[in-house]
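Asker: Model the structure of this input:
(2 chains)
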Number of protein chains: 2
Amino acid sequence: MKTSIATVTISGELPEKLEAIARAGFDGVEIFENDFLAFDGSPADVGKMARDLGLVITLFQPFRDFEGMPETLRGRTFDRAERKFDIMQELGTDMVLVCSNVSQAALGGIDRAAADFRELGERAAKRGLKVGYEALAWGRYVNDHRDAWEIVRRADHPNVGLILDSFHSLSRKIDINSIRSIPKEKIFIVQLADAPLIDMDLLYWSRHFRNMPGEGDLPVTEFTEAVASTGYDGFFSLEIFNDQFRGGSTRAIAADGHRSLIYLADQIRRKVETPIGAEMPDRAAVKGVGFIEFATDDEEAVELVGILEALGFRKVAVHRSKKVTLFQQGDIRIIINVDPLGFANATYAVHGTFAYAMALVVDDAAEAYARALALDAEPFAQAVAEGELQLPAIRGVGGGLIYLIDQKSPLGRFSEIDFETVAEEGGGEGAGLLQIDHIAQTVAYDEMLTWLLFYTSIFETHKTPVVDIIDPSGVVRSQVIESKAGTLRVTMNGAENRRTLAGHFIAEKFGSGIQHLAFSTNDIFATAARLRAKGFKFLPISANYYDDVEARFGLDPELTERLKAQNILYDRDEEGEYFQLYSGTFGEGFFFEVVERRGYRGYGAPNAIFRIAALKKQMRPEGLPRDAI
Amino acid sequence: MKTSIATVTISGELPEKLEAIARAGFDGVEIFENDFLAFDGSPADVGKMARDLGLVITLFQPFRDFEGMPETLRGRTFDRAERKFDIMQELGTDMVLVCSNVSQAALGGIDRAAADFRELGERAAKRGLKVGYEALAWGRYVNDHRDAWEIVRRADHPNVGLILDSFHSLSRKIDINSIRSIPKEKIFIVQLADAPLIDMDLLYWSRHFRNMPGEGDLPVTEFTEAVASTGYDGFFSLEIFNDQFRGGSTRAIAADGHRSLIYLADQIRRKVETPIGAEMPDRAAVKGVGFIEFATDDEEAVELVGILEALGFRKVAVHRSKKVTLFQQGDIRIIINVDPLGFANATYAVHGTFAYAMALVVDDAAEAYARALALDAEPFAQAVAEGELQLPAIRGVGGGLIYLIDQKSPLGRFSEIDFETVAEEGGGEGAGLLQIDHIAQTVAYDEMLTWLLFYTSIFETHKTPVVDIIDPSGVVRSQVIESKAGTLRVTMNGAENRRTLAGHFIAEKFGSGIQHLAFSTNDIFATAARLRAKGFKFLPISANYYDDVEARFGLDPELTERLKAQNILYDRDEEGEYFQLYSGTFGEGFFFEVVERRGYRGYGAPNAIFRIAALKKQMRPEGLPRDAI
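Answerer: Presented below is the predicted three-dimensional model:
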């Protein structure tokens, strides 16, 4: 796929935008006029900058309010166009985007518009330029790509073509199959944007909410498939107006954009016979979480190990060459890394005790790794001792690591190869914990879409709708990424302010990361009893909660009493029941959860407010104002 | 007006919410159930807390999915209600809010609903409780207060009444006059919320965008007038779901809420014969800006005075007892305060050089001051020397001051009474500057509504629609407050992130405040020529801008050349033309502007992106990344 992005999509001044776009791997760039106007250099300077960075200028945009003007205004409109042609020639681009007229002065009429475009095409042709026409969703008369196409058809000029834009067509729910009958050479360029499905005024939605393909809810893949079916093999260009992107990291947003196009091309390649996408392995099906690794030091490890033991974990092995210990219970493996050398220690030095790495078990680790790199994931490797495994790894949320392991290669035996089994040190039976139910990552709000795209493009997962969690100090957005079978479940909580529990975690830990781990059990009451016997410190839940939950669900009072006695939270939906219990916090707000699912597929969102209130209460040192955390 | 607010409106945990609500001056509070449930205390504890703070608990809310349930669910629904009645009695409140059923299981039917309410009324009466019924705008069958009223009428029980909510009625554009025929004793309580007019899904709009009466665009005043016309004299209670409020300062949002109700009551009092509002003077008509005062020190004053002189200002007077100097040109007075004692100096110590005070000329300063205090403005006074004036003052944006002066009292002669005229020190003629055209204040985004309400409730001003300003590093929201005659014009720029020019100003200056002052002239070209002669440093504007502005407006190339030569920006709308020129920045981003209006009423928003790019370029030290400011 020939990739391009409009400068308006990302933040910054023109030179830094171009630099970030080139660095992200795009082939081309659309110059958004205001970015150029605000820049203190000539069009030729901009053109040189782009070419020096290896970027084609795919488009100069937008040229507004052109077609169908009354005679009195028509002349000036063409004069304006000639001025823009001057700039384009200096810039070194051959195409201008003309968006459909929104002016009150416009007359409409497709033959009038076609005549205007024929003349503009003639003028453009003299200079070797091309004119692309795009139907804005809120154009005064033309707001449907089918009408724009009819105008282009009647203009009947080789230098006049159509510009398609997924947002403008999909936001109006226009039949996408209408694209399949357009000759490919008349499609001059294709712009792409996605958006969350929120029913609101089109222009407001467009200006503030658009996002990268795959980050929203529109059928952008189907749109692109229809385009590809015509044989179109030109540029696919991101044109995205989004307040968050405009205030975000220039480089990170550009990188997200590039990933979104690579992923899209891969999906199209599988549906249409087209050379658009590069060959790469399928999305990796995750079979489970191989381990979670904590970076810490000798001193803080004592508390952490204490909590793990109270949770029923047993130390099962020690690393052959590093100060690294493996704890296990059921299928759950927790690694504690206190080695003074290596990445874990460097992470600890910056963030404190931190669940900085996870291993995902996939079918074929080499293939998953190849796909991740094809999708711009950042590889990670560090020296290992002779005879030890080099686990393929990529950078994940907050600079943490995701190791990729499988059962078919020696990687699946990492705990035998790299570790030495230790004799059981008593400790007795576990607490019935079976698997990692979900991994809860806290991220800065403006990184949520980044990681959503990361997980869903590399791994065989899907997102569920965003849920608002009410923290006493603000709203936290929660987004779930999960595999169909539930073998990987990641909840991402996006924190906007530092006073929320999630925001506090990010601020204190200097970055996003795993804030809690939820383990599954088949019998929460039995597990709770064992935890109590082991001295596990339960998070105490307010008595008011139990009065309400009993009334709300019509629970048997005896069940309510059992829940209350063990500080177990309860939820229910059409699919079943859910039971949750929590530890107190450790360090800067890390905690553990134990859950039992009886058919339930959610994450207990209605209980979050009570859990947060309880955690905050526990974290608040006496005498400090409630605002302070 | 008996004032109340729902705990859900503000951020924090229950005790701090109650404290802030009492401190803001509310008479009552609605306990939102989740706030109570998350609190680790009994209903009796909550009731005692509220009463100790002098608050009546006006309502316990919400009780959901009650009326019109099928027989199989009906019994449990009443059981749930009885449990809530238990809590209410412990809390010490006599009213519960039942909102219209949204359950898929509900059957509908107003007689069925009426029968349910009659029975609930009977049960409530046994305990001395009351039931209020509210139509949610998205209720499954009942989503109109007229239908809710018909159900209450048919329930025909003294303990069952109607709850009106401005948001639910106005969002559905229900005829407000339908309220005027409801007997006042059947209206149990009235909830108020406003919202900006953005066309979107009702539930999404409601959950995220509501705001205080007067902060949005809904006809809340007309709604309240209709209620007052019934003779209703019960509580008016704010029930506002807003993400920004939920993440904002508990005390500040509560204070805004109280101000919004006092202001609303004052408007109603003037329209309906009702004892609802307390007597207070009219909104103060602002006749002009008396002066702007800078706090600085001897050293930094040198640069500031240099800029003022280059702008054509002359030193005209010195303060009799303080190190304070008055500069003047036309009707513009600028005071430079370098006195080592007093508030100005304290301000300077925290914020650096800063336009910390403005004086507004009103008809009657004493009346304006009285109104401001009635609307919860914070008074300010400091010691003055004998024989000098004590100017009435209130705290404004960022803790800065607003002095109130008039022509009818000695206040109008402050420059003669407190100051001593100095002999002209040469300096020659001015630059033709006449008046302060507008005062641009930069505020943290979440304070914008606070100051919008402040200005519009105290002074005879109105707001204009919010405009998005595109800063290279993010979107800045701009909101104008102006008087009809243009005698007071304040533009507020709300900054969300620190990398925008506005955000940088707030971060560096440790607070909101005046970021630029715009002076008017009748002849921008003559003024520009004089400024040039005086050595004024113009903000250089990119040549690209002039190419575009010429093409965009079809300007005479000769005019474009004149604009370009003087770095003058141009805008035009249906009402006329606008010319702007800027100084470079001073200190942490403060700057001056000169404007000429030829009928134009706006503020040159389309030019802001070019001005910001030019200012940022100037502020960026060589070698620093563009991100850094």
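Asker: Give me the helix or strand of chain A that scores worst on average pLDDT.
Answerer: helix A:501-509 (a mean of 75; mean pLDDT, DSSP states H and E).
Asker: Flag every buried residue along it.
Answerer: A:Leu501, A:Ala502, A:Gly503, A:His504, A:Phe505, A:Ile506, A:Ala507, A:Lys509 (16 or more other C-beta atoms under 10 Å in any protein chain shown). For every residue, glycine as well, the C-beta is placed using N, CA and C.
Asker: can you tell if it touches chain B?
Answerer: No - counting by C-beta under 8 Å from any C-beta of the partner chain, no contacts exist between helix A:501-509 and chain B, the nearest distance being 8.9 Å.
Asker: Any idea how far that helix is from the middle of the chain?
Answerer: The chain centroid and the centroid of helix A:501-509 are separated by 20 Å under C-alpha atoms, centre = their mean, to the nearest Å.
Asker: what's the next secondary structure element after that helix?
Answerer: strand A:513-521 (DSSP states H and E).
Asker: Only alpha carbons, please: show the very next helix or strand once past that next one as PDB.
Answerer: As assigned by DSSP H and E, the chain's next helix or strand after strand A:513-521 is helix A:524-534. What follows is helix A:524-534, C-alpha atoms only, in PDB (Å, rounded to 0.1, in the frame of the first residue of the first chain):
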ATOM      1  CA  ILE A 524     -14.400 -18.000  45.100                       C
ATOM      2  CA  PHE A 525     -15.700 -19.000  48.600                       C
ATOM      3  CA  ALA A 526     -13.200 -21.800  49.000                       C
ATOM      4  CA  THR A 527     -10.400 -19.600  47.700                       C
ATOM      5  CA  ALA A 528     -11.400 -16.800  50.000                       C
ATOM      6  CA  ALA A 529     -11.400 -19.200  53.000                       C
ATOM      7  CA  ARG A 530      -7.900 -20.500  52.100                       C
ATOM      8  CA  LEU A 531      -6.600 -16.900  51.500                       C
ATOM      9  CA  ARG A 532      -7.900 -16.000  55.000                       C
ATOM     10  CA  ALA A 533      -6.100 -19.000  56.500                       C
ATOM     11  CA  LYS A 534      -2.900 -17.800  54.800                       C
END
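Asker: Check which helices and strands helix A:524-534 is in contact with.
Answerer: Contact partners of helix A:524-534 among helices and strands, from 3 or more C-beta pairs under 8 Å, 6 or more residues apart in numbering or on different chains; DSSP states H and E: helix A:298-310, helix A:557-566, strand A:576-582, strand A:591-598.
Asker: These into CSV, with extra columns for mean pLDDT?
Answerer: Formatted as CSV, the helices and strands packed on helix A:524-534 follow (pLDDT from 0 to 100):
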stretch, mean pLDDT
helix A:298-310, 95
helix A:557-566, 96
strand A:576-582, 98
strand A:591-598, 98
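Asker: Quick check: mean pLDDT of stretch A:404-416?
Answerer: Stretch A:404-416 carries an average pLDDT of 92.
Asker: mind listing the strands for the stretch 1-150 of chain A?
Answerer: Listed in chain order, the strands of the stretch 1-150 of chain A (DSSP state E, counting those that start in this stretch) span A:2-6, A:28-32, A:56-63, A:95-99, A:130-134.
Asker: Looking at those, spot the one closest to A:Ala385.
Answerer: strand A:2-6 (41.4 Å; C-beta to C-beta).
Asker: Which residue is the nearest non-sequential neighbour of the closest residue to chain B within the stretch 51-200 of chain A?
Answerer: Relative to chain B, the nearest point of the stretch 51-200 of chain A is A:Met200 (3.2 Å; C-beta to the nearest C-beta). Nearest residue to A:Met200 in three dimensions, chain neighbours excluded: B:Met200, at 3.2 Å (C-beta to C-beta, 6 or more residues apart in numbering or on different chains).
Asker: Okay then, goodbye and thanks.
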